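A.B. asks: quick one, structure for this:
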Amino acid sequence: MKKYIIGFLAGFFITTSACFVVLPVVLEDKFKFGHGTGFADGLSAVADELEQHYGLYTEADGPYEIVYDIKTTRVVIIDVSGVKSIKVIK
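C.D. replies: As a prediction, this is how the structure comes out:
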């Protein structure tokens, strides 16, 4: 019985030690993944709001400057007769 208790305690302490080494690395990786996903979702939500207020870009709007791209959506600035406006390309 003494062997089993010693084996259990040794395994417990080795596993606990390994968790303290591995856990911070895994937590940092998950934090970076969540941050990146939240950032992409935020940019996508902003593009959706801009689309509702300013509309989609059409070829008739003329040349444009890219503000940012996110996945398949592009937010652009157009200059029509000296007036700058923002549009969304999907």
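A.B. asks: please count neighbours and contacts with C-alpha atoms only from this point.
C.D. replies: Fine.
A.B. asks: what secondary structure does the nearest residue to L56 once chain neighbours are set aside sit in?
C.D. replies: In space, and not counting its chain neighbours, L56 is closest to V88: 4.8 Å by C-alpha to C-alpha, 6 or more residues apart in numbering. With DSSP: H, G, I helix; E, B strand; the rest coil as the basis, V88 sits in strand.
A.B. asks: need the helices for this structure, in chain order.
C.D. replies: 2-54 (DSSP state H).
A.B. asks: ok, back up a step: settle this for me: the residue nearest to L56 is touching H53, isn't it.
C.D. replies: No: under the criterion of C-alpha atoms under 8 Å, V88 is not in contact with H53, lying 10.1 Å apart.
A.B. asks: neighbour count for these two, which is higher?
C.D. replies: Using other C-alpha atoms under 10 Å as the criterion, V88 and H53 rank with V88 on top: 23 against 11.
A.B. asks: who are the contact partners of that one?
C.D. replies: V88 makes contacts with 47, 50-51, 54-57, 73-76, as judged by C-alpha atoms under 8 Å, 6 or more residues apart in numbering.
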